[in-house]
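Visitor: one predicted model, sequence on top.
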Amino acid sequence: MVSDRFTLGHVKTMEQDQPILRQADPSDIGAVAALTEQAYAVYTQLLGAPPIPVTEDYGPRIEAGQVWLLEISGKLAGLIVLERHADHILIFSVAVAPEFQGKKLGVRLLDWAETKAGEAELDLVKLYTNARMERNIALYSAYGYRETGRRANPKRPGWTVVDMEKRLAR
């Protein structure tokens, strides 16, 4: 989809190191699973079961080039999983390691997804989240995403999915 290593723009960190975003490779699968579990832990408690990204098999996604890792000073700080569709980019997951939360890295990853959509000549970015993840819904709304509907989660009976999208200016 894009080059496999680049900087993510200036992000103020304790070490003042430039964040690097790179495509995950098969050797990263354990780190991807661990970071996702840690980042979603608060929601696992809230929901009483792990959210879909925590139980995902990332092997096929890594092989398809959909998983990108954000590293700062050689440490895995976050990740984003993007699916390319004919008319949009779907953000399957954005996860930031607990020790790096509060540094706007999630917003930087959302920015990057929009850049990738633009490079693919797409003007639409979509995502979905759980209706009980109110903090995420508020963040996405503040960042320009609008809710487009709610539906039953086909993988988790009793859970509700909130679909959201952001139309990008060309």
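Guide: That came through, no problem.
Visitor: make it CA atoms for all contacts and neighbour counts henceforth
Guide: Noted.
Visitor: roughly how far is the longest helix seen in the chain from the heart of the chain?
Guide: Longest helix of the chain, by residue count under DSSP state H: helix 105-119. Relative to its chain's centre, helix 105-119 lies at 10 Å (Cα atoms, centre = their mean, to the nearest Å).
Visitor: try stretch 119-135
Guide: How far stretch 119-135 lies from its chain's middle: 9 Å, per Cα atoms, centre = their mean.
Visitor: over to stretch 36-46?
Guide: Relative to the centre of its chain, stretch 36-46 is centred 14 Å away, using Cα atoms, centre = their mean.
Visitor: ok so, going back, remind me what the longest helix of the chain packs against, helices and strands.
Guide: strand 75-84, strand 89-96, strand 124-130 (3 or more Cα pairs under 8 Å, 6 or more residues apart in numbering; DSSP states H and E).
Visitor: just the CA coordinates for it, please, in PDB.
Guide: Written as PDB, here are the backbone C-alpha positions of helix 105-119 (Å, rounded to 0.1, in the frame of the first residue of the first chain):
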ATOM      1  CA  LEU A 105      -0.200   9.300  19.200                       C
ATOM      2  CA  GLY A 106      -3.600   7.900  18.400                       C
ATOM      3  CA  VAL A 107      -4.500  11.200  16.700                       C
ATOM      4  CA  ARG A 108      -1.300  11.100  14.800                       C
ATOM      5  CA  LEU A 109      -2.200   7.600  13.600                       C
ATOM      6  CA  LEU A 110      -5.600   8.800  12.500                       C
ATOM      7  CA  ASP A 111      -3.900  11.600  10.600                       C
ATOM      8  CA  TRP A 112      -1.700   9.100   8.900                       C
ATOM      9  CA  ALA A 113      -4.700   7.000   7.900                       C
ATOM     10  CA  GLU A 114      -6.100  10.100   6.200                       C
ATOM     11  CA  THR A 115      -2.800  10.700   4.400                       C
ATOM     12  CA  LYS A 116      -2.800   7.100   3.200                       C
ATOM     13  CA  ALA A 117      -6.400   7.500   1.900                       C
ATOM     14  CA  GLY A 118      -5.400  10.600   0.000                       C
ATOM     15  CA  GLU A 119      -2.400   8.800  -1.500                       C
END
